[in-house]
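Colleague: Curious how this folds, go ahead:
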Amino acid sequence: MEFTLDIELVRSVLRSEHASAVSDLSQRGALRAVRESLIRQDQRLLAAPDAESLACKPGCAWCCYFTVDVRAVEAFSILDFIEQRFTPDQKASVYAEIRANSRKFRALDESDRVTFNNKCPFLMKSECSIYAVRPQSCRNYHATDSAGCQQSFESPDDLDIDPEFAPGVFQVGGAHVEAFSAALTKLGYDTTAYELNSALNAALSEDGARDRFEARQSPFLSLVGDEVFPQYDDLGP
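Modeller: Just a heads-up that it's a prediction; the model follows:
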């Protein structure tokens, strides 16, 4: 999708979110900071100039089968939410699905992963069961016509499908995530992007993963992710 970059809008979000995130990370720690950042992200997305053009609505779940990347801080935040809100039976079911999904992704190479459809373990009755703490990448996946999302789901090998997005929402969301990532980097936290199920499984199974993250070390010894660099370096705060 082609669009004109709104430089002033992007710069404004970068400056504001970077300052807020650095303050929260320094004073409240990473887990509290990411929760506060998610709230600000939702507010910014709702206030985007073209937010009303979005087709996303409850019960539309085509994108809940696409591969999702998360940072370690998001994985730990999701697990805290599960422990606080899910029943023992729900936790057992979700954790079993996470382990099974992780095994599936472990068998895929990078090219296969891009075209692999797999139900998110948190998709329950066509709705997200961790909506309040869903990953930043999920928050930023918006379309103005769900037909493109359905087409991508039904033809995952067709990488030429280009769902229509709202440019304002897209830019606000992207700038917000990059600013929060830059703040994490500034304070020495891991900002590697990991596949959702693999990160959650490692966080559950690796002793000391959370302690390593808090100590500004690579948290997951069994995983290799993608290094994340701010998309808008030249516009940074």
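
Colleague: Mind checking what helix or strand follows the lowest-mean-pLDDT helix or strand in the chain in sequence?
Modeller: Lowest on mean pLDDT, DSSP states H and E among the helices and strands of the chain sits helix 110-114, with a mean of 83. For helix 110-114, the succeeding helix or strand toward the C-terminus, using DSSP states H and E, is strand 123-124.

Colleague: contact partners of that next one?
Modeller: Outside strand 123-124, the residues that touch it by Cβ atoms under 8 Å, 6 or more residues apart in numbering are 61, 64-65, 129. Quick note: C-beta positions are derived from backbone N, CA and C, even for glycine.

Colleague: coming back round to it: list the helices and strands the least confident helix or strand of the chain packs on?
Modeller: For helix 110-114, not one helix or strand is in contact under the criterion 3 or more Cβ pairs under 8 Å, 6 or more residues apart in numbering; DSSP states H and E.

Colleague: ok, and the most crowded of the contacts of strand 123-124?
Modeller: Cys64 (22 neighbours; other Cβ atoms under 10 Å).

Colleague: close enough to count as contact, that residue and Asn118?
Modeller: No - in this structure Cys64 lies outside contact range of Asn118 using Cβ atoms under 8 Å: 9.7 Å.

Colleague: What ranges does this structure have for its strands?
Modeller: 69-70, 123-124, 127-128, 194-195 (DSSP state E).

Colleague: Any idea how far the first one is from the middle of the chain?
Modeller: Translated: strand 69-70. 5 Å (Cα atoms, centre = their mean, to the nearest Å).

Colleague: ok, residues contacting that strand?
Modeller: By Cβ under 8 Å, 6+ apart, strand 69-70 touches 78, 135-137, 193-196, 199, 225-226.
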